[in-house]
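In: kindly return the folded structure for what I paste below:
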Amino acid sequence: MTGHFAVLGATGAQGGAVVTALLEQGATVRGITRRTDSRAALRLTEAGVEVVAADLSDEASVARAFTGVDGAYALTTPFEDGPEAEVAQGATILAAAQSARVPHLVFSSVADADQHTGIPHFDSKAAVEVALAQSGLSYTIVGPSYFYDNMLGGLDDIRAGVFELPLPADAPLQQLSRRDLGRFVTAVLTDPDPVRGARIDIASDEPTGRQMATALSETLGRTVELVTRDPALIASGDMRAMFTFLAGGGYTVDIGALHAQYPQIGWQSFTDWLQTDLLPALS
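Out: As a prediction, this is how the structure comes out:
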């Protein structure tokens with residue numbers, strides 16, 4: 001495959017997954033990051049990525065980083081400066097993409113952000129989606145569900161035989177492998193025509209908390225106990241709203257139809273992810 005693609009947030013978890021998938025397909029990648037001298041940036045350079053600096057507070061720097069590519073991947077975050085800052089980041093990205101005349105922009109939002117959930121970091125992404133649809137850019141919106149990798153924040157508890165999840169034990173939780181996100185975005189960037197103007201929510205699997213604990217126990221060869229709690233007890237208003245949404249049914253990805261339409265992604269089950277990602281992280 002040929003093609004030259006820009007990836008915003010290339011040293012982060014999501015952007016890094018997109019970079020990896022593009023490189024695996026033989027594409028040329030321009031990785032955009034705030035610091036080109038970080039360890040993660042240097043590793044990208046060693047992998048053959050063109051690493052350039054840009055900051056979402058500086059539209060001109062993002063426009064330069066977007067110039068001359070066949071497509072770009074972008075994401076925003078509310079977790080540094082809040083939802084309002086995320087909307088501002090989106091405005092910078094869209095203005096830069098227009099200035100650079102990006103042929104196709106893939107924006108990473110969140111599953112069900114367009115459903116008026118009232119979750120602050122869903123609603124801020126929804127505002128960016130609306131602006132993108134009105135921008136005149138060629139685009140595709142990808143909505144990731146809950147990431148398997150969120151489990152990596154509780155490795156010490158898992159080592160102690162505890163898996164905590166603030167959801168009912170038998171509530172299915174639609175989840176996504178970052179590897180699958182990277183592969184899906186790559187499929188869109190390299191063949192955008194079928195999905196121009198589309199919004200596609202994605203998930204790899206939907207185990208319950210109880211099933212996750214069972215899979216953890218079987219994978220590790222020792223008992224891992226599921227500990228649940230009421231989402232209402234979560235201190236963060238944003239996270240409380242999100243887990244209340246997830247406890248009440250959550251994301252609405254039609255996983256069967258999605259996987260049937262995009263079999264080339266090789267969708268990674270939760271159990272497979274435990275083997276490929278969790279076990280190495282625990283070692």
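In: give me the below-cutoff pLDDT ranges for the stretch 101-250 of the chain.
Out: In the prediction, the stretch 101-250 of the chain carries no residues with pLDDT under 70.
In: how about the helices of it, start to end?
Out: Remark: helices assigned in the stretch 101-250 of the chain by DSSP state H, counting those that start in this stretch are 120-133, 155-159, 178-190, 209-220, 237-247.
In: need these in TSV with mean neighbour count and distance to residue 279, can you?
Out: Bear in mind the C-beta positions are built from the backbone N, C-alpha and C, glycine included. TSV is the format used below for the helices of the stretch 101-250 of the chain (neighbours: other CB atoms under 10 Å; distance: least, CB to CB, whole Å):
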stretch	mean neighbour count	distance to residue 279
helix 120-133	20	30
helix 155-159	13	11
helix 178-190	24	15
helix 209-220	18	7
helix 237-247	18	26
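In: looking at the ones you listed, which is closest to residue 70?
Out: helix 178-190 (7.6 Å; CB to CB).
In: what helices or strands is that closest one leaning on?
Out: Contacts defined by 3 or more CB pairs under 8 Å, 6 or more residues apart in numbering; DSSP states H and E place helix 178-190 against helix 13-24, strand 71-75, strand 105-108, strand 139-144, strand 199-202.
In: again, only using 10 Å
Out: strand 4-8, helix 13-24, strand 71-75, strand 105-108, strand 139-144, strand 146-147, strand 199-202, helix 270-273 (3 or more CB pairs under 10 Å, 6 or more residues apart in numbering; DSSP states H and E).
In: partners of the first one, with directions?
Out: Next to strand 4-8 in the sheet, as set by DSSP bridges, lie strand 28-33 (parallel), strand 71-75 (parallel).
In: cool, the fifth one as well?
Out: For strand 139-144, the pairing partners within the sheet under DSSP bridges are strand 105-108 (parallel), strand 199-202 (parallel).
In: let's see the pLDDT reported for residue 1.
Out: For residue 1, the pLDDT comes out at 57.
In: okay, stretch 96-103 in CSV with CA atoms only?
Out: Provided in CSV are the C-alpha atoms of stretch 96-103 (Å, rounded to 0.1, in the frame of the first residue of the first chain):
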residue,chain,number,x,y,z
ALA,A,96,-5.8,23.7,10.2
ALA,A,97,-7.2,20.9,8.0
GLN,A,98,-9.0,23.4,5.9
SER,A,99,-5.9,25.6,5.5
ALA,A,100,-3.8,22.5,4.6
ARG,A,101,-6.5,21.2,2.3
VAL,A,102,-6.4,17.7,3.9
PRO,A,103,-8.1,15.3,1.4
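In: just give me how far it sits from the chain centre.
Out: Put simply, stretch 96-103 sits 22 Å off its chain's centre (CA atoms, centre = their mean, to the nearest Å).
In: same question for stretch 252-270.
Out: 15 Å.
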